[in-house]
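1. What shape does this take:
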Amino acid sequence: MSDVGEEVRDEEVRDKWSSRSSFIFASVGAAVGFGNVWRFPALAYEFGGGAFFIPYLLALFVIGIPLLILELALGQYYRTGDMGAFGGMHARLRGIGVASVGCSFGVVLYYVPLIAWTANAFFSSFTDFDKNYRNSTGDGAYVYWMDDIIGMSTLDTENFYPTRVMWGNFGCLVLVYAIILACTAFGMGTTGKITYFTMGFPILLLFIFLIKALTLEGAGAGVKAYIGMWDMSVLSDKKEVWSRAVSQIFFSIGVTFGVFTAFGSGCPKDAPIVANSFIIALSNSIFSVISGFAIYAVIGNLAVLRGGDSGPLPIANVTNAGPGLVFGTYPVALAQLNGGEHWVRLFFIFLFLLGIDSGFALFESFTVVLYDTVLGDKYSKRTIQMACGVIGILVGILFITDAGFILLDVVDWYINFILLLVGFLEVFGAGWIFGIEDQIKEIGSAPVISFMSTFFGSVIIACGIWFGVGSIGYGFLALAVSFITGMGPVLKLCQDAAVANNKDLNDVITTLTMGNVMVLRERLSTNTSTLPVIWAVAIKHVIPPLLLICFANLCAGGNFFKYGGYVTAYQVLGLLIVLATLLLFLVGVFVPEVYGSLLKIEIMESVDRLNGKSDSGSKEIEA
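-> Below you'll find the model as predicted:
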């Protein structure tokens, strides 16, 4: 372990938060974004109302929070971003960190243009407000947003290839990047203080919207449409609901993007990891739920107003899903209120602040990793941020063409696969690869490899039957039979290992099934926050198979490589993004020295000291 002098030096050099409250505000701001306002309420409405809460809450507590604890703990312990932190668990896992920050950079490229569209919508609301909102319908306002704000009116509807750049959106794009750079350039301490406003004010606005919405006529009908009806049949009839719930948790909280490893690296080493994780995750989910009430209560009022003397219209007749909900239906509903133009503009400010907070976090996640490489020896962090901002603007031009929304839709959908893939790799690395050399040294390679093959092989066989044949019952039967059959030889190998190493059989089985992840649990625990045993069990035995199943479920959904009916070029782009992520990981597995040579020597030395290796320098110790 590092000595006191080294720890003090690391603390002095490392960018850190000014207080725990600033870290919490920044983290909640990173988690809460556009998805809380349109994706969550729309998913609840689409997938059985209150029934959606079953997969959502399971995904939150069984997968989301344990992953958040893992990322915060790794960043807090190793004091570095994703590449160095996952490399701290094993040198061949650095590719997980690279893949996750590559994912975050990819999201930034289309997320910032989305914020830019919101800014443009705000500025444009000062002209023709009655035509575009007050006297329009949800569909009409959404068409206005798509055709005039994004510029899709000039698109060739045959192939949807871009034909022009929307220069108004380009100006907003530059403005958004300028704000992100200005707010992140002075370190986490300053960014955390800024989020007191950029997160605090939207919370205040949300409660204002909620209170106003619930006092309107028809609010009850809107709330009932949102969450009051429980259609449990969707849990079996629409199997994609389970994968969508998991990806919503990943998107919403922000795990698998490298954000919380970067944020955790700025926390004190004894910060309460578990408590912080629950505060961040639960705050995010509470915000999502309240947003749904605020939105659908106003939509219920719109149904009353549009129905007139004939009575309220069905909610389905006045609402849209996804972005149409927040850029079409909801502004029109707000426009019907007294002073409607002010409510609509306040709503666009609300969306802008939610987006900019997440933009801070995503931007910070990959600039931290870049600064921890040899680039950080040559250039200041601000220079690296400026370069990333310029690249973001140049690539972002693709998303502010008239085909920008199509590009965003495609990339956003294929990102779902990346989130599940990176999530699986994170827990597989933590639960199965960390400490594997010590396991092999203690009980031999045969039981370790056999147990891993049996565990994941049985899940893969079951997935083939679940999603290939389409039989749930036979899938579970195959899972049980293949696992029990495989465990016979595993137990025989454990007996042989016990005899060969003069150990008790129970000790060998404990080492095999939980030994390495319990060591990780002990290492990542702090004086104020001991990671619970159930967390270690989830990381090794629960989350990896669940994410494999969700990934297979999403692949079997029928949309892969034909999503949205878009032309082949867009599908190829989505597929290349997924394959590029996998390639980034595989480079770390097979050529670990590539990423090892990129890290700063002091980062390598710090990680090795924390791992108990006193003689490292720039030397790689590979398995």
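2. check contacts around Ser450.
-> By Cβ atoms under 8 Å, 6 or more residues apart in numbering, Ser450 lies in contact with 486, 489-490, 493. In this view, the C-beta of every residue, glycine as well, is placed from N, C-alpha and C.
3. among those residues, which ones are buried?
-> Neighbour-count burial (16 or more other Cβ atoms under 10 Å) is assigned, among the contacts of Ser450, to 486, 490, 493.
4. Adding distance to Asp270, write the contacts of Ser450 out as TSV.
-> Output for the contacts of Ser450, formatted as TSV (distance: Cβ to Cβ, whole Å):
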residue	distance to Asp270
Gly486	42
Pro489	45
Val490	39
Leu493	41
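5. now, which of those sits nearest Phe456?
-> Gly486 (10.2 Å; Cβ to Cβ).
6. so what's that closest one closest to, chain neighbours aside?
-> For Gly486, ignoring the flanking residues on the chain, the nearest one in space by Cβ to Cβ, 6 or more residues apart in numbering is Thr454 at 3.1 Å.
7. quick one: contacts for the one you found?
-> 482-483, 486-487, 490.
8. tell me the pLDDT at the closest residue to Ala281 other than its chain neighbours?
-> Leaving aside its sequence neighbours, Ala281 sits nearest to Ile65 (Cβ to Cβ, 6+ apart; 4.9 Å). Here the pLDDT value assigned to Ile65 is 97.
9. centre of the chain versus the biggest helix by length in the chain, how much separation?
-> Using DSSP state H to define each element, the chain has its longest helix at helix 273-307. Centroid separation between helix 273-307 and its chain, computed with Cα atoms, centre = their mean, to the nearest Å, is 18 Å.
10. Quick check: which helices or strands does that helix pack against?
-> Where contact means 3 or more Cβ pairs under 8 Å, 6 or more residues apart in numbering; DSSP states H and E, helix 273-307 is packed against helix 20-31, helix 40-46, helix 65-78, helix 188-214, helix 219-223, helix 240-253, helix 330-335.
11. After whichever strand or helix holds Ala497, which helix or strand is next?
-> According to DSSP states H and E, Ala497 maps onto helix 472-500. Per DSSP H and E, helix 472-500 leads on to helix 505-510 as the next helix or strand towards the C-terminus.
12. tell me what that next one is packed against?
-> Partner elements for helix 505-510 (3+ Cβ pairs under 8 Å, 6+ apart): helix 472-500.
13. List the buried residues in the helix it packs on.
-> 475, 478-479, 482-483, 486-487, 490-491, 493-494, 497-498.
14. One more: stretch 226-233?
-> Within stretch 226-233, the residues that count as buried by 16+ other Cβ under 10 Å are 226-227.
15. Pull the residues that contact it.
-> Counting contacts by Cβ under 8 Å, 6+ apart, the residues outside stretch 226-233 that touch it are 41, 44-45, 48-51, 53, 292-293, 295-296.
16. For Val112, give me its contacts.
-> Counting by Cβ under 8 Å, 6+ apart, Val112 touches 173, 176-177, 180, 359, 392, 396.
17. now do 6 Å
-> Neighbouring residues of Val112 by Cβ atoms under 6 Å, 6 or more residues apart in numbering: 176, 359.
18. follow-up on the earlier one: now the contacts of Ser450 in JSON lines, with distance to Gly300 and pLDDT?
-> Listed next are those as JSON lines, based on distance: Cβ to Cβ, whole Å; pLDDT from 0 to 100:
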{"residue": "Gly486", "distance to Gly300": "54", "pLDDT": "97"}
{"residue": "Pro489", "distance to Gly300": "61", "pLDDT": "97"}
{"residue": "Val490", "distance to Gly300": "57", "pLDDT": "97"}
{"residue": "Leu493", "distance to Gly300": "62", "pLDDT": "97"}
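19. Pick the one among these closest to Ala275.
-> Val490 (37.7 Å).
20. For stretch 236-245, measure first residue to last.
-> 14 Å (Cα to Cα, to the nearest Å).
21. Just the buried residues of it, please?
-> Buried positions in stretch 236-245, judged by neighbour count with 16+ other Cβ under 10 Å: 239-245.
22. how about those in JSON lines, adding distance to Val108 and pLDDT?
-> What follows is the buried residues of stretch 236-245, written out as JSON lines (distance: Cβ to Cβ, whole Å; pLDDT from 0 to 100):
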{"residue": "Lys239", "distance to Val108": "31", "pLDDT": "83"}
{"residue": "Glu240", "distance to Val108": "27", "pLDDT": "84"}
{"residue": "Val241", "distance to Val108": "28", "pLDDT": "90"}
{"residue": "Trp242", "distance to Val108": "28", "pLDDT": "90"}
{"residue": "Ser243", "distance to Val108": "24", "pLDDT": "87"}
{"residue": "Arg244", "distance to Val108": "23", "pLDDT": "86"}
{"residue": "Ala245", "distance to Val108": "24", "pLDDT": "91"}
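23. Please produce CSV containing these, extended by distance to Ile227.
-> Formatted as CSV, the buried residues of stretch 236-245 follow (distance: Cβ to Cβ, whole Å):
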residue, distance to Ile227
Lys239, 22
Glu240, 20
Val241, 15
Trp242, 19
Ser243, 21
Arg244, 17
Ala245, 15
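24. Closest to Thr526 out of the residues you listed?
-> Closest to Thr526, out of all of those and judged by Cβ to Cβ, is Ala245, at 30.8 Å.
25. just to revisit the earlier point, could you turn the buried ones of the contacts of stretch 226-233 into a PyMOL selection?
-> Of the contacts of stretch 226-233, the buried ones go into a single PyMOL selection, burial set by 16+ other Cβ under 10 Å:
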select buried, resi 41+44+45+48+49+51+53+292+293+295+296
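26. and the two most separated of the contacts of stretch 226-233?
-> Greatest spatial distance among these (Cβ to Cβ): Ala51 and Ile295, at 18.8 Å.
27. Contacts only, for the closest residue to Asn501 other than its chain neighbours.
-> In this structure, Asn501 finds its nearest non-sequential neighbour in Ile443, 6.5 Å apart by Cβ to Cβ, 6+ apart. For Ile443, the contacting residues are 497, 508, 511, by Cβ under 6 Å, 6+ apart.
28. Which member of these is positioned nearest Ser265?
-> The closest of the contacts of Ile443 to Ser265 turns out to be Thr511 (Cβ to Cβ; 31.0 Å).
29. tell me the pLDDT at the closest one?
-> The model reports Thr511 with a pLDDT of 97.
30. Determine the number of other residues adjacent to it.
-> 22 (other Cβ atoms under 10 Å).
31. what's the answer for Thr163, then?
-> By other Cβ under 10 Å, the residues close to Thr163 number 12.
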